[in-house]
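Colleague: Next input, structure requested:
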Amino acid sequence: MKNQIERLGTPTSEGYALAINHFSNRVVIMQGDCVLHETRLKDNWIEYPKGTFFRPLQWIAPDRLQFFQDGYWGAMDPEGIVTIPPVFKFIVPFKTTGFFIVKDQHDKCGCVDKDFKMLYPCEYEYKELRAKLCQGFEINV
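Modeller: Numbering: from 1, shown residues only. Below is the predicted model of the structure:
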């Protein structure tokens, strides 16, 4: 008989991992052998944008999960608390700074931390914001 909980990948550096609960067919967030949160999501691949496939939950930091809901991306902590609302076309980590570049529904980019504190508002083109961040963090491109 199959185990009820099956890990979907390796744990993050903080010890958090995703697993599938075969009983409920839902993705759960675990730390060690302890289930911290059962999501509403299944481990299905989704198409976004057309022709590109992603899982609806992805680690974007050791303690933040990106999730896909109603056509947009958001982020949550391992307890399932939404820290970045699902209103963005994408959320990508910016290097190892702990900040994320987000793209809003008007195709403008901004930069937020893992708790949605705004470093730069969504008013930049992606390349422009990336250059500004590289300069601000003294990162060579």
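Colleague: Mind listing what's buried along stretch 3-21?
Modeller: By neighbour count with 16 or more other CB atoms under 10 Å, stretch 3-21 contains the buried residues 12, 16-21. From N, CA and C alone the C-beta is placed, and that goes for glycine too.
Colleague: low-confidence ranges in this protein?
Modeller: Residue ranges of the chain with pLDDT under 70: 1-2, 48-49, 141.
Colleague: Tell me how far residue 81 lies from residue 39.
Modeller: 12 Å (CB to CB, to the nearest Å).
Colleague: of the two, who's got more company?
Modeller: residue 39 (19 against 9; other CB atoms under 10 Å).
Colleague: what pairs with the most centrally placed residue in the chain across the strands?
Modeller: Per CA atoms, centre = their mean, the C-alpha nearest to the average position across the chain is that of residue 66, at 1.7 Å. Beta-bridge pairing of residue 66 under DSSP bridges involves residue 58, residue 75.
Colleague: From residue 87, how far out is it?
Modeller: Separation of residue 66 from residue 87 (CB to CB) stands at 13 Å.
Colleague: Now the common contact residues for these two.
Modeller: Jointly contacting residue 66 and residue 87 under the rule CB atoms under 8 Å, 6 or more residues apart in numbering are residue 74.
Colleague: Helices of the chain, start to end?
Modeller: Secondary structure of the chain (DSSP state H): helices located at 126-136.
Colleague: quick revisit: looking at it, the residue nearest to the centre of the chain is touching residue 75, isn't it?
Modeller: Yes: if you go by CB atoms under 8 Å, residue 66 and residue 75 touch, sitting 5.3 Å apart.
Colleague: joint contacts of the two?
Modeller: 60, 91.
Colleague: Which residue ranges of the protein form strands?
Modeller: Applying DSSP state E to the chain gives strands spanning 5-7, 16-21, 26-31, 34-38, 46-47, 53-54, 57-61, 64-69, 72-76, 82-88, 90-94, 99-103, 109-113, 118-124.
Colleague: Reformat those as JSON lines; add distance to residue 135.
Modeller: As requested, those are exported to JSON lines (distance: least, CB to CB, whole Å):
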{"stretch": "strand 5-7", "distance to residue 135": "40"}
{"stretch": "strand 16-21", "distance to residue 135": "32"}
{"stretch": "strand 26-31", "distance to residue 135": "36"}
{"stretch": "strand 34-38", "distance to residue 135": "38"}
{"stretch": "strand 46-47", "distance to residue 135": "35"}
{"stretch": "strand 53-54", "distance to residue 135": "30"}
{"stretch": "strand 57-61", "distance to residue 135": "23"}
{"stretch": "strand 64-69", "distance to residue 135": "25"}
{"stretch": "strand 72-76", "distance to residue 135": "25"}
{"stretch": "strand 82-88", "distance to residue 135": "23"}
{"stretch": "strand 90-94", "distance to residue 135": "12"}
{"stretch": "strand 99-103", "distance to residue 135": "14"}
{"stretch": "strand 109-113", "distance to residue 135": "13"}
{"stretch": "strand 118-124", "distance to residue 135": "12"}
